[in-house]
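1. pasting the structure only:
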């Protein structure tokens, strides 16, 4: 594995007109599947897990990071270990101590000034440790509320984005432009591409698209390649879990429970996840994009 700063990885993606997938393995078993997919497609990749997923799957930041570094050198790819949505600064500090190279502070539910204050605190701490910080401006909801939450007040304001970036020193910014977390209903979300272009005109750092699972490939490609530059990091979580649990034919299990399952069934399920990751990488125009270790 070749470790590269996430900002360098994403800036290269922006210049090359492709997006980098940030895949939520959610358990330590699936880290291999994500890295294998990146190697098979000669692509850079981000492996992530969120604070909620630490709780859901009973895995610690150290356990996840230790597994990542234990297996990563088997693969000739550029890879980054990222902490997704986290509201508690103590969890962010634990992740940094464990070896995460990038962290996300999500204070987007707070008022604008409080979001700035909290984010700036995390940026100052993380940058001292050589760790990049992602933050969120606007409110990225859940798909079960997508019909009722189609409210512009929840979207990222371009002028606020410019001020937020300048005052926090954040490295990457997750924007709310119409996507949501989870499984989309029959009706796909309305992506505000005009808003994305307006944000890009005011913000030069890498932009992040959350809620990438279930989005049509052409929608994601447009968000990446839109004139003037679009998003360069796309988060995927639900699609991976659906492939994994669908293959196993079971409900969500803890990290420890997963490792106790039948090895052949686990290998088959991991392969299903690998195929999903490879498909996403292709959709992100990211395959064969200089992800091989030099």
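-> That came in fine, so what should we check first? Source: prediction; values computed, not measured.
2. ok, the residue nearest to residue 241 when sequence neighbours are not counted - contacts?
-> Nearest residue to residue 241, sequence neighbours excluded (C-beta to C-beta, 6 or more residues apart in numbering): residue 26, at 6.1 Å. In this view, the C-beta of every residue, glycine as well, is placed from N, C-alpha and C. Applying C-beta atoms under 8 Å, 6 or more residues apart in numbering to residue 26 gives the contacts 49, 53, 56-57, 237, 240-241.
3. and what of residue 101?
-> Residues in contact with residue 101, defined by C-beta under 8 Å, 6+ apart, are 3, 5-6, 80-82, 131-132.
4. Which of the residues you listed fall in strands?
-> When the contacts of residue 101 are checked against strands (DSSP state E), the matches are 3, 80-82, 132.
5. Just the buried ones among those, please.
-> Neighbour-count burial (16 or more other C-beta atoms under 10 Å) is assigned, among the ones in strands among the contacts of residue 101, to 80-82, 132.
6. Counting neighbours, what do you get for residue 24?
-> Counted with other C-beta atoms under 10 Å, the neighbours of residue 24 add up to 24.
7. I figured it was touching residue 242, is that so?
-> No - counting by C-beta atoms under 8 Å, residue 24 does not reach residue 242; the two are 11.9 Å apart.
8. Output the buried ones among the ones in strands among the contacts of residue 101 in JSON lines, with pLDDT appended to each entry.
-> Shown next, in JSON lines, are those (pLDDT from 0 to 100):
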{"residue": "80", "pLDDT": "98"}
{"residue": "81", "pLDDT": "99"}
{"residue": "82", "pLDDT": "99"}
{"residue": "132", "pLDDT": "99"}
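9. possible to save the residues you listed as JSON lines with distance to residue 118?
-> Output for these, formatted as JSON lines (distance: C-beta to C-beta, whole Å):
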{"residue": "80", "distance to residue 118": "23"}
{"residue": "81", "distance to residue 118": "23"}
{"residue": "82", "distance to residue 118": "19"}
{"residue": "132", "distance to residue 118": "17"}
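10. Out of the contacts of residue 26, give me the one that has the most neighbours.
-> residue 49 leads these on contacts (other C-beta under 10 Å) with 30 neighbours.
11. ok, and the closest non-adjacent residue to it?
-> Once flanking residues are discounted, residue 49 sits nearest to residue 64: 5.4 Å by C-beta to C-beta, 6+ apart.
12. measure the one you found to residue 94 for me?
-> Remark: distance between residue 64 and residue 94 (C-beta to C-beta, to the nearest Å) = 11 Å.
13. Please say which of the two ends up with more neighbours.
-> Legend: neighbour count by other C-beta under 10 Å for residue 64 and residue 94, higher for residue 64 (28 against 19).
14. My guess is the more buried one contacts residue 51. True?
-> No - the criterion here is C-beta under 8 Å, and residue 64 misses it with residue 51 at 11.5 Å.
15. give me the number of residues near residue 128?
-> Residues lying near residue 128 (other C-beta under 10 Å) number 9.
16. just residue 67 next, same as before
-> 20.
17. helices and strands around the helix or strand where it lies, which ones?
-> Assigned by DSSP states H and E, residue 67 belongs to helix 61-72. Applying 3 or more C-beta pairs under 8 Å, 6 or more residues apart in numbering; DSSP states H and E, we find helix 61-72 packed against helix 31-40, strand 78-86, helix 89-98.
18. got the buried residues for it?
-> 61, 63-65, 67-68, 72.
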